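Colleague: coordinates for the following, if possible.
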Amino acid sequence: MKNIPISAMIGLFFTSIYFFMAIFAPWLAPYGMAEIVGDVWEPSSSEFLLGTDSIGRDLLSRMIYGGRTTIFIATAATILSFTLGSILGFFAAVSGGWVDQAISRFVDLIMSIPSLIFALVVLSVMPTTVPILIILMGLLDSTRVYRLARAVAVDITVMDYVEAARLRGEKIGWIIFRETLPNALSPLIAEMGLRFIFAVLFVSTLSFLGLGVQPPQADWGGIVKENKEGINYGIQAALYPAYAIATLCISINLVADWILNRTTSLKGGRG
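Modeller: Numbering: from 1, shown residues only. Now for the predicted structure:
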């Protein structure tokens, strides 16, 4: 622990708290996610630590369950985007030629459409469910991962050890997973933290616009939407999820920076 910088320790602390609460939400939340337990926008008290929301639900319980939904969707979408984007990026770089050009031009076409507009159009004609949100966000974000993975892999594929693997007759799968991936981890790990942050912000934005997680399910963007009118009356119910989103994103970024520094200093290129 003594080698971990203070910034990383702070990031690990808050990240661990949020993920712990997300995993054990049913046991930590004092009330049910959609249970009406009081009056509208009651102030903080010993019974309701954060008060109640716009229809009398316990805000702390909504925040805990909302964090669970937000973190789950963002994590699943990030894993999907990195799995798909990295494999396609490495495959395009190792294959080269028309395969590389075909995949890259298709990715350029998708990236030319703003992600939020693309998502709003798709969600306006498809059922807004958690699996649909994860798949849509993962596919849209995989284009950014593809660009990074391909750019890194293009530099790696010209190295001597990759050429030696080709001369040995190794298959493309070996070159991707045994030669390219281990030497591309540092930028990918750093990008994974950023992509997770963007996934949290993206799903929160969709929910705030009414096309994300649907009631009575809770997520942080939806809680902001449900309680935004209270700001006019000095009620902070909409600010709590905003604080949570900000602290989670900053914490993940601090951890990602620390991991990047460690992998960069420990990673040794193969020769």
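Colleague: could you use CA atoms for every contact and neighbour count after this?
Modeller: OK.
Colleague: in the chain, where is pLDDT below threshold?
Modeller: Along the chain, segments meeting pLDDT under 70 span 1-2, 263-271.
Colleague: what about 80?
Modeller: Applying pLDDT under 80 to the chain flags the ranges 1-3, 156-187, 189-190, 259-271.
Colleague: quick one: stretch 251-265 to chain centroid distance?
Modeller: Mean-position distance between stretch 251-265 and its chain equals 16 Å (Cα atoms, centre = their mean, to the nearest Å).
Colleague: sorry, slip of the keys, the one I care about is stretch 132-150.
Modeller: The chain centroid and the centroid of stretch 132-150 are separated by 11 Å under Cα atoms, centre = their mean.
Colleague: what's that stretch in contact with?
Modeller: 73-74, 76-82, 84-90, 92-93, 107, 110-111, 115, 119, 184, 188, 191, 195, 199, 203, 212 (Cα atoms under 8 Å, 6 or more residues apart in numbering).
Colleague: from the contact counts, what lies against the host helix or strand of Tyr243?
Modeller: Using DSSP states H and E, Tyr243 sits in helix 239-266. Applying 3 or more Cα pairs under 8 Å, 6 or more residues apart in numbering; DSSP states H and E, one finds that helix 239-266 contacts helix 6-23, helix 185-208, helix 220-227.
Colleague: nearest to Thr247, of the ones you listed?
Modeller: helix 6-23 (7.5 Å; Cα to Cα).
Colleague: following element in sequence after the closest one, please.
Modeller: Remark: after helix 6-23, the chain's next helix or strand is helix 25-28, criterion DSSP H and E.
Colleague: contacts only, for Val99.
Modeller: Contacts of Val99 by Cα under 8 Å, 6+ apart are Ala92.
Colleague: and if you look at Gly67?
Modeller: Contacts of Gly67 (Cα under 8 Å, 6+ apart): 18, 21-22, 219-220.
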